[in-house]
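S.K.: Could you look at this predicted model? Sequence included:
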Amino acid sequence: MNKTISWCLIIAITIIVVILSFKAPWVLSDQNIFLKNFVNHEILNFLGVIVAITIGSIANLHLELNKLEEQIKKEVFTGTRSSLKRSIYCLIGTLVITIILAVIKPLIVKTSLDLMVSSFVNGFALIVVFVNILTLIDILQATFKVKPNYD
């Protein structure tokens, strides 16, 4: 998936979240039991496991790229490396944003009457998860670009 499609999807999801938060806040608010129970420590667990496993996978991929470059004695994966580096920083960034959301949500959503506020917070958390998924797709595509060396 290219960057244009990814950005269009992120913008579309953001527009949907904003419209739902204004027009039907009950959909994304804490009245939705799943979102109430997910946008707290559970989302941190979810994204923390994904980030930890992905960091290990990217480190392994980085070492494999080193081996391939050592075999041909030429640096050919600079674009792939920079893409992987951006992706891992994006994953870490989404984890940091999620930590902030999980900490501030109980502070800004004080009552069950704060439907719109909880809808925006939960919707933003879903956007962060969606960005995380798009980043994982980007990493997966970079991984599939590495071809075997038959020397």
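M.R.: Arrived safely, thanks for sending.
S.K.: For Ser57, the count of nearby residues, please.
M.R.: 16 (other CB atoms under 10 Å). For glycine as for every other residue, the C-beta is placed from the backbone atoms N, C-alpha and C.
S.K.: can you check Ile88 too?
M.R.: By the other CB under 10 Å criterion, the neighbourhood of Ile88 contains 19 residues.
S.K.: Now it: closest residue in space, sequence neighbours ignored.
M.R.: Ile58 (5.4 Å; CB to CB, 6 or more residues apart in numbering).
S.K.: what about this protein, any weak spots by pLDDT?
M.R.: 1, 112-113, 149-151 (pLDDT under 70).
S.K.: Now do the helix or strand where Gly48 lies: which elements does it pack against?
M.R.: Using DSSP states H and E, Gly48 falls within helix 41-72. Counting by 3 or more CB pairs under 8 Å, 6 or more residues apart in numbering; DSSP states H and E, the packing neighbours recorded for helix 41-72 are helix 78-108, helix 115-145.
S.K.: Determine which stretch of the ones you listed is the most buried.
M.R.: Ranked by mean neighbour count under mean count of other CB atoms under 10 Å, the helices and strands packed on helix 41-72 are led by helix 115-145, which reaches a mean of 19.
S.K.: Specify the angle between that helix and helix 41-72 in degrees.
M.R.: 20 degrees (axes from the mean of the first three to the mean of the last three CA atoms, to 10 degrees).
S.K.: Can you pull the phi and psi angles for Asp30?
M.R.: When read as degrees, to the nearest 10, the backbone of Asp30 gives phi -70, psi 0.
S.K.: can you pull the contacts of it?
M.R.: By CB atoms under 8 Å, 6 or more residues apart in numbering, the contact set of Asp30 is 36, 109, 112, 115, 118, 122.
S.K.: how close does it get to Lys105?
M.R.: In this structure, Asp30 and Lys105 are 9 Å apart, going by CB to CB, to the nearest Å.
S.K.: Check Ala24 too.
M.R.: Between Ala24 and Lys105 the computed distance is 20 Å (CB to CB).
S.K.: need the contact list for Phe120.
M.R.: Residues counted as contacts of Phe120 (CB under 8 Å, 6+ apart) are 17, 21, 28.
S.K.: Quick check: the last one touching Ala125?
M.R.: Right, the one you point to is Leu28. No. Leu28 is beyond contact range of Ala125, at 9.3 Å (criterion: CB atoms under 8 Å).
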